[in-house]
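# Quick one: sequence and predicted model below, then my questions.
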Amino acid sequence: MKRLSLCFVLLFLVAPLSLFAGCSSQKENNVYRISAQFSENTLSASMQFTFYNDEETSLSFLCFNLYGNAYREGAQNTPLTASQASAYYSGKSYGDMEIVSVSPCKDWEVCGEDENILRVDLEKELFPAESVTVNIEYVLTLAQVEHRTGVAKRSVNLGNFYPVLCAYEEGKGFYECVYSSNGDPFYSETADYEVTLTADEKYVAASSGQTVSATRKGGKMVCEYALENARDFALVLGEEYEVFQTQAAGVHILYYAYDDDNAEQTLELLSDCISYFSDTFGDFPYKTYAAVQTGFCFGGMEYPALVYLSDSLSREEYLYTAVHETAHQWWYAAVGNNECEYAFLDEGLAEYSSYLFFSEYEEYGIDAAARLKTAHSACNALVSVQEQVFGEADTTMDRPLSEYGAYEYVVIAYDKGMLLFDALRDAVGDRAFFASLKRYYAQNSGKIATPASLSAAFKNAGASGVIASFMDGTAIV
Ligand SMILES: [Zn+2]
């Protein structure tokens with residue numbers, strides 16, 4: 001996500017249920033087949049989910065994150081703080097994700113720390129290399145809020161609109177993400193998607209997936225989408241969208257906007273980003289890329305092959321955010337990480353990638369060097385404030401999202417994260433730095449990376465020391 005930086009004031013329907021267990025000798029992707037109907041503020045859906053057990057242990061249950069429940073009345077871990085309540089533009093508003101049925105299964109329940117988890121007890125033990133299919137029927141009600149999941153003033157944001165399988169960690173089990181007003185509280189593994197959306201024909205829909213078919217009749221639009229090897233899937237609906245399109249590096253780029261006097265320039269910037277990052281890091285992971293202007297209370301938000309760009313940014317902020325979110329296609333979408341614990345891996349690298357882009361493409365008028373300087377100042381200011389208030393500073397980078405203050409999180413994940421990559425470049429030189437980033441991308445694309453994966457890609461003791469010193473807070477920035 002792009003929210004705050006010191007220089008840019010970042011300051012249904014129900015379907016039949018089925019289960020089968022089968023064997024497979026090689027790893028196959030989990031598959032989400034979602035059929036959803038959207039009307040006004042409600043998405044009713046049937047999700048057929050096929051899970052392949054590629055772990056070394058047998059499993060008796062599955063867990064899914066129910067992000068939509070963070071918007072419900074009485075939620076403890078809310079998406080926004082009290083000071084960010086203006087995102088609820090017409091006053092208090094709530095939503096939720098109601099699970100209607102799960103089948104076949106032995107049992108299911110909505111549980112977790114804050115009704116954020118759907119636990120499905122399987123009918124029988126699922127052994128390694130076996131698969132199981134469950135059907136989940138649910139209703140997602142959207143709050144009126146300019147956030148990831150909500151009815152915005154001029155659009156409908158359908159991020160996190162379905163139960164998302166929790167990432168599984170060998171020896172630990174399913175990782176339950178707790179929503180947080182800090183950062184992006186997401187952590188998921190890649191899967192394949194087949195999504196069918198039915199909505200009023202007044203809407204234009206932007207999607208993470210490639211459009212397989214689109215029809216309009218009887219006052220409804222019905223679109224089928226497909227996406228492979230993606231850790232999430234998002235949609236945005238709007239009645240006013242104009243769609244601008246181009247191609248770059250073999251990618252079909254779509255820009256959805258309702259208020260951009262310089263849309264052609266925005267499209268050109270997106271195109272330059274896709275080309276530059278593909279050359280610098282490795283091929284873009286998908287066939288299409290949708291950048292979507294929408295109501296969003298921060299700068300922007302990344303999903304695989306789709307990003308939100310807030311409609312309330314200055315031109316400079318808008319272009320910066322478009323680059324930052326596009327960089328997330330490499331760092332977050334392709335190379336995943338546990339964003340609840342190591343947000344700096346994707347945010348820091350998205351920031352540094354933006355720095356690299358604007359250093360190369362000066363014509364967009366954004367001073368990359370000044371951005372780096374501002375990051376230094378922000379880190380120094382944070383240390384100074386912490387020393388005054390607490391007697392000592394804590395700039396460690398491996399804390400869970402809930403352990404940061406809002407401002408502290410931004411400085412640590414974005415600014416200090418960005419400086420980590422600048423320090424790595426200083427430590428190993430340009431040639432090794434860019435070769436190492438390419439290696440990090442190639443080794444971890446489609447997988448989950450950790451700080452150890454980053455160290456391994458740099459293959460350099462000096463670089464490992466830099467990463468360790470940034471994480472444990474001993475580096476002087
Ligand atoms: Zn970001």
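That came in fine, so what should we check first?
# Next, Arg431: phi, psi?
phi -60, psi -50 (degrees, to the nearest 10).
# That one - how many residues pack around it?
Using other Cβ atoms under 10 Å, Arg431 has 8 neighbouring residues. Every C-beta, even on glycine, is put in place using the N, C-alpha and C of the backbone.
# Look up the closest residue to Leu235, ignoring the ones flanking it.
Spatial nearest neighbour of Leu235, excluding adjacent residues (Cβ to Cβ, 6 or more residues apart in numbering): Leu158 at 4.0 Å.
# who's that neighbour bridged to?
According to DSSP bridges, the residues that bridge with Leu158 are Thr149, Leu235.
# Verify the stated contact: it with Asp232.
No: the pair Leu158 and Asp232 fails to qualify as a contact (Cβ atoms under 8 Å) at a distance of 11.3 Å.
# CA atoms of stretch 146-161 as CSV?
Presented in CSV, the C-alpha positions along stretch 146-161 are these (Å, rounded to 0.1, in the frame of the first residue of the first chain):
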residue,chain,number,x,y,z
GLU,A,146,-13.2,4.6,0.9
HIS,A,147,-11.1,1.7,1.9
ARG,A,148,-10.0,-1.7,0.5
THR,A,149,-13.4,-3.3,0.8
GLY,A,150,-16.3,-0.8,0.5
VAL,A,151,-18.7,1.3,-1.5
ALA,A,152,-16.7,4.5,-2.2
LYS,A,153,-18.3,7.7,-3.4
ARG,A,154,-17.7,7.0,-7.1
SER,A,155,-16.7,3.4,-7.2
VAL,A,156,-17.0,0.0,-5.4
ASN,A,157,-13.8,-1.5,-4.0
LEU,A,158,-13.8,-5.3,-3.9
GLY,A,159,-10.5,-6.1,-2.4
ASN,A,160,-10.4,-9.1,-0.1
PHE,A,161,-13.9,-10.0,-1.3
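# what secondary structure does Tyr286 sit in?
Going by DSSP: H, G, I helix; E, B strand; the rest coil, the secondary structure assigned to Tyr286 is coil.
# show me the contacts for the nearest residue to it once chain neighbours are set aside.
If the residues on either side of it in the chain are set aside, Tyr286 comes closest to Ala305, at 4.2 Å by Cβ to Cβ, 6+ apart. Remark: with contacts taken as Cβ atoms under 8 Å, 6 or more residues apart in numbering, Ala305 is in contact with 208-209, 227, 230, 285-286, 288-290, 329, 333.
# Over to Ser155?
Taking Cβ under 8 Å, 6+ apart as the definition of contact, the neighbours of Ser155 are 236-238, 258, 292-295.
# Mind checking which of the residues you listed are in strands?
The strands in this structure, assigned by DSSP state E, contain 236-238, 292-294 from the contacts of Ser155.
# neighbour-wise, which of the residues you listed leads?
Of the ones in strands among the contacts of Ser155, Val292 is surrounded by the most neighbours, 31 neighbours in total, counting by other Cβ under 10 Å.
# circling back to that earlier point, now the buried members of the contacts of Ala305.
Applying 16 or more other Cβ atoms under 10 Å to these, the neighbour count classes 208-209, 227, 230, 285-286, 288-290, 329, 333 as buried.
# before we move on, the earlier item: now the contacts of Ala305 in JSON lines, with pLDDT?
Rendered in JSON lines, the data for the contacts of Ala305 read as follows (pLDDT from 0 to 100):
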{"residue": "Ser208", "pLDDT": "98"}
{"residue": "Gly209", "pLDDT": "97"}
{"residue": "Leu227", "pLDDT": "98"}
{"residue": "Ala230", "pLDDT": "98"}
{"residue": "Pro285", "pLDDT": "94"}
{"residue": "Tyr286", "pLDDT": "98"}
{"residue": "Thr288", "pLDDT": "98"}
{"residue": "Tyr289", "pLDDT": "98"}
{"residue": "Ala290", "pLDDT": "98"}
{"residue": "Gln329", "pLDDT": "98"}
{"residue": "Ala333", "pLDDT": "98"}
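# can you list those residues in JSON lines and add distance to the ion?
JSON lines is the format used below for the contacts of Ala305 (distance: Cβ to the ion, whole Å):
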{"residue": "Ser208", "distance to the ion": "17"}
{"residue": "Gly209", "distance to the ion": "22"}
{"residue": "Leu227", "distance to the ion": "20"}
{"residue": "Ala230", "distance to the ion": "17"}
{"residue": "Pro285", "distance to the ion": "17"}
{"residue": "Tyr286", "distance to the ion": "18"}
{"residue": "Thr288", "distance to the ion": "20"}
{"residue": "Tyr289", "distance to the ion": "16"}
{"residue": "Ala290", "distance to the ion": "17"}
{"residue": "Gln329", "distance to the ion": "11"}
{"residue": "Ala333", "distance to the ion": "11"}
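# and of the residues you listed, the nearest to Tyr441?
Sorting the contacts of Ala305 by how near they are to Tyr441, with Cβ to Cβ, puts Pro285 at the top with 9.6 Å.
# The closest one against Gln329, yeah?
Yes: taking contact to mean Cβ under 8 Å, the distance of 6.7 Å between Pro285 and Gln329 places them in contact.
# Columns pLDDT and distance to the ion on top of the ones in strands among the contacts of Ser155, output as TSV?
Output for the ones in strands among the contacts of Ser155, formatted as TSV (pLDDT from 0 to 100; distance: Cβ to the ion, whole Å):
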residue	pLDDT	distance to the ion
Val236	98	17
Leu237	98	23
Gly238	98	22
Val292	98	16
Gln293	98	17
Thr294	98	16
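# now, the most widely separated pair of those residues?
Using Cβ to Cβ, those reach their maximum pairwise distance at Leu237 and Gln293, which is 12.7 Å.
# Name the residues of the chain found near the ion, please.
Residues of the chain lying close to the ion (Cβ under 5 Å from the ion) are 1-2, 347, 350.
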